[in-house]
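Colleague: Compute the structure for the input listed below.
(one chain, ligands or ions: 1)
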Amino acid sequence: MVLKTTPYWWEQSPRPKTETVALPTSIDVAVIGAGFTGLCTALSLARGGASVIVFEAGVLGCGASTVNGGMVGPSFHKLGIDGLKNKYGVDRANAILRESVGFIDYLDDFLAAEGIEAEFVRAGRFRGALRPLHYDAMARDLEGLQKAVGVEGDMVSKSEQHQETGSPIFHGGLVYHRDGGLDPAMYHDGLARTVRDAGVTIAPETAVTALRKSSAGFELTTVRGTINAGQVAVCTNGYTGAVTQDLRRRVLPLRSAMIATAPLDPTLMKTLMPKARVYGDSRRLVAYYRPSPDGSRILFGGRGSGLADNSAANFRILHRSMIAVYPQLSEVATDHVWSGLVAYTFDHAPHIGRFQGGALDGAFYAMGYCGSGVARSSYFGSKLGLKMLGDPNGITAFDDLDFETRPLYGGNPWFMPALLMWHRIADRMGL
Ligand SMILES: Cc1cc2nc3c(=O)[nH]c(=O)nc-3n(C[C@H](O)[C@H](O)[C@H](O)COP(=O)(O)OP(=O)(O)OC[C@H]3O[C@@H](n4cnc5c(N)ncnc54)[C@H](O)[C@@H]3O)c2cc1C
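Modeller: Numbers count the residues shown, from 1 in each chain. Next up is the predicted model:
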């Protein structure tokens with residue numbers, strides 16, 4: 001079987017051919033990046049009466065937004081409830097948690113209101129515990145989240161977990177009932193249509209190569225000409241480059257990769273994923289898996305190798321990881337492997353706001369979703385657009401969190417291989 005190196009999602013939703021659009025000489029707002037963040041930002045702005053152009057360096061949907069696992073949840077802050085309270089204080093921490101619970105409802109309502117079809121199904125998420133200790137920690141976290149923000153979840157004991165998963169490796173787990181999965185490329189295509197219908201110009205294959213402050217706001221140089229914009233929104237997440245260096249040095253790009261099995265026997269699918277939820281587990285080096293929306297195959301994702309798209313290495317890592325979770329798949333063919341870049345941050349929080357100082361003074365941004373960005377980027381994008389319009393509905397609990405960098409860090413996370421290796425060893429040792 002030929003192993004394709006394009007996303008499984010692109011079989012049904014191939015990337016559209018670029019139609020060259022005329023560039024205006026000036027515009028109210030220029031958005032850099034046409035993923036979920038950039039498109040949702042543009043939509044809010046256009047609905048608020050602004051003229052908007054979205055610049056995309058590659059073909060439409062070449063970033064993370066059409067290649068991800070499509071798994072949607074609240075993405076609770078990786079610091080945990082206590083970490084959040086220590087860092088931001090009780091009130092801010094509770095506000096962040098409350099808002100996070102709402103991300104998935106926001107996306108659900110948004111898709112329905114805009115009539116965007118994305119095969120969104122909220123069948124819940126099962127998270128397996130790889131050690132009894134992890135199970136106890138999950139139970140404590142769930143109790144905390146239930147008390148703080150009423151999260152709907154249940155612990156599942158080892159003796160009952162066959163109802164949730166056909167994997168033999170877990171010591172029980174946790175179900176979040178309100179999570180779900182969608183087809184990200186279908187969502188992105190529908191979103192791009194909606195954004196264009198709202199009057200926004202989308203310019204694919206038009207990389208912004210320079211950005212400087214001007215009397216009108218900003219002057220953007222692109223590979224197809226120069227344009228003046230009153231305001232700029234930087235929505236480049238894992239692909240943030242030297243053009244916006246002050247933001248690049250605040251995010252850590254990491255490669256996330258996925259494989260798709262060939263269609264499986266329906267009885268085997270039912271055994272492996274009995275309730276067709278989305279899945280993850282308690283390891284440090286994240287792994288995520290789910291059935292395809294038609295229920296025919298398994299899509300399995302995790303950390304890729306290095307920053308370049310090394311399909312062969314990614315395939316080896318993910319295939320090994322998938323067989324460890326589901327030994328039943330050892331003889332099954334895999335027909336797709338693909339990957340994209342996500343953006344982590346030094347404080348594990350996503351960031352939204354208006355940059356102050358330096359070459360980007362006054363530019364708006366939303367990024368740093370730490371690998372969980374389907375709902376977050378949509379929500380943050382819509383809020384960013386409102387914020388740029390001066391609409392108080394654009395206020396979020398995440399506003400103006402200190403967007404940290406580190407001395408000597410310029411945007412190349414050279415230390416990541418060593419850190420990932422440490423997490424891999426810690427996973428093996430069950431730490
Ligand atoms: C393999 C994989 C699996 C994932 N799985 C999940 C999941 O299951 N659930 C989940 O919640 N999240 C997941 N994510 C994360 C999620 O996809 C991202 O957080 C989200 O899509 C980010 O959207 P975005 O619009 O901010 O960035 P992107 O979609 O990455 O878009 C940024 C765009 O900016 C463009 N750009 C950069 N520089 C320039 C420039 N100078 N000029 C013009 N354009 C520029 C890039 O070309 C890119 O298209 C996954 C990511 C990957 C890669």
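
Colleague: need the helices for the stretch 1-150 of the chain, in chain order.
Modeller: 9-12, 36-47, 80-88, 90-114, 132-149 (DSSP state H, counting those that start in this stretch).

Colleague: Out of those helices, the one nearest residue 396 is which?
Modeller: Ranking the helices of the stretch 1-150 of the chain by their distance to residue 396 (criterion: C-beta to C-beta) puts helix 90-114 first, at 6.3 Å. C-beta: built from backbone N, CA, C; applies to glycine.

Colleague: Let me see the mean pLDDT of that closest one.
Modeller: Mean per-residue pLDDT for helix 90-114: 95.

Colleague: what do you get for stretch 237-253?
Modeller: For stretch 237-253, the per-residue pLDDT averages 98.

Colleague: I'd assumed residue 16 was in contact with residue 59.
Modeller: Yes: at 7.3 Å, residue 59 counts as touching residue 16 under the criterion of C-beta atoms under 8 Å.

Colleague: For the stretch 201-350 of the chain, which segments are assigned as strands?
Modeller: 201-203, 208-214, 217-222, 225-234, 251-261, 278-281, 287-291, 298-303, 334-345 (DSSP state E, counting those that start in this stretch).

Colleague: if we can go back for a sec, which of the helices of the stretch 1-150 of the chain sits most buried?
Modeller: helix 36-47 (a mean of 28; mean count of other C-beta atoms under 10 Å).

Colleague: got a list of what residue 376 touches?
Modeller: If you count contacts by C-beta atoms under 8 Å, 6 or more residues apart in numbering, residue 376 has them with 75, 103, 350, 369.

Colleague: Doesn't it lie inside a helix?
Modeller: Yes: assessed by DSSP: H, G, I helix; E, B strand; the rest coil, residue 376 belongs to a helix.

Colleague: What count of nearby residues applies to the nearest residue to it once chain neighbours are set aside?
Modeller: With sequence-adjacent residues excluded and distances taken as C-beta to C-beta, 6 or more residues apart in numbering, residue 376 is closest to residue 369, at 4.7 Å. By the criterion of other C-beta atoms under 10 Å, residue 369 has 26 neighbours.

Colleague: Count the residues that sit near the nearest residue to residue 252 once chain neighbours are set aside.
Modeller: Distance criterion C-beta to C-beta, 6+ apart; nearest residue to residue 252, sequence neighbours excluded, is residue 344 at 4.2 Å. By the criterion of other C-beta under 10 Å, residue 344 has 18 neighbours.

Colleague: Next one: residue 344 relative to residue 9, how far apart?
Modeller: 23 Å (C-beta to C-beta, to the nearest Å).

Colleague: related to what we said a few turns ago, which of residue 59 and residue 16 has more neighbours?
Modeller: A side-by-side neighbour count of residue 59 and residue 16, using other C-beta under 10 Å, places residue 59 first with 15 against 12.

Colleague: Next, the contact list for the spatially most central residue of the chain, please.
Modeller: Centroid-nearest residue in the chain: residue 373, 2.3 Å away (criterion: C-alpha atoms, centre = their mean). Going by C-beta under 8 Å, 6+ apart, residue 373 touches 36, 37, 64, 65, 68, 75, 237, 342, 350.

Colleague: 10 Å instead?
Modeller: If you count contacts by C-beta atoms under 10 Å, 6 or more residues apart in numbering, residue 373 has them with 35-37, 64-65, 68, 75, 237-238, 342-343, 350, 367, 379-380.

Colleague: coming back round to it: a markdown table please, covering the strands of the stretch 201-350 of the chain and showing distance to residue 401.
Modeller: Shown next, in a markdown table, are these (distance: least, C-beta to C-beta, whole Å):
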| stretch | distance to residue 401 |
| --- | --- |
| strand 201-203 | 30 |
| strand 208-214 | 23 |
| strand 217-222 | 24 |
| strand 225-234 | 17 |
| strand 251-261 | 14 |
| strand 278-281 | 25 |
| strand 287-291 | 25 |
| strand 298-303 | 25 |
| strand 334-345 | 9 |
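
Colleague: so which of those strands gets nearest residue 150?
Modeller: Of the strands of the stretch 201-350 of the chain, nearest to residue 150 by C-beta to C-beta is strand 278-281, at 20.8 Å.

Colleague: The closest one close to the ligand?
Modeller: No: using C-beta under 6 Å from any ligand atom, strand 278-281 never reaches the ligand; the gap is at least 7.5 Å.

Colleague: can you check stretch 10-25 too?
Modeller: No: using C-beta under 6 Å from any ligand atom, stretch 10-25 stays clear of the ligand, coming no nearer than 10.9 Å.

Colleague: just stretch 182-202 next, same as before
Modeller: No: using C-beta under 6 Å from any ligand atom, stretch 182-202 never reaches the ligand; the gap is at least 6.8 Å.

Colleague: Quick check: buried residues in that stretch?
Modeller: 182-192, 194-196, 200-202 (16 or more other C-beta atoms under 10 Å).

Colleague: Filter those residues down to just the ones in helices.
Modeller: 184, 185, 186, 187, 188, 189, 190, 191, 192, 194, 195, 196 (DSSP state H).

Colleague: Same list (these) but as JSON lines, adding pLDDT.
Modeller: Shown next, in JSON lines, are those (pLDDT from 0 to 100):
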{"residue": "184", "pLDDT": "98"}
{"residue": "185", "pLDDT": "98"}
{"residue": "186", "pLDDT": "98"}
{"residue": "187", "pLDDT": "98"}
{"residue": "188", "pLDDT": "98"}
{"residue": "189", "pLDDT": "98"}
{"residue": "190", "pLDDT": "98"}
{"residue": "191", "pLDDT": "98"}
{"residue": "192", "pLDDT": "98"}
{"residue": "194", "pLDDT": "98"}
{"residue": "195", "pLDDT": "98"}
{"residue": "196", "pLDDT": "98"}
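
Colleague: ok, these vs residue 354, which is closest?
Modeller: residue 195 (22.1 Å).

Colleague: How about the contacts made by that closest one?
Modeller: 31, 34, 38-43, 45-46, 52, 54, 114, 201-202.
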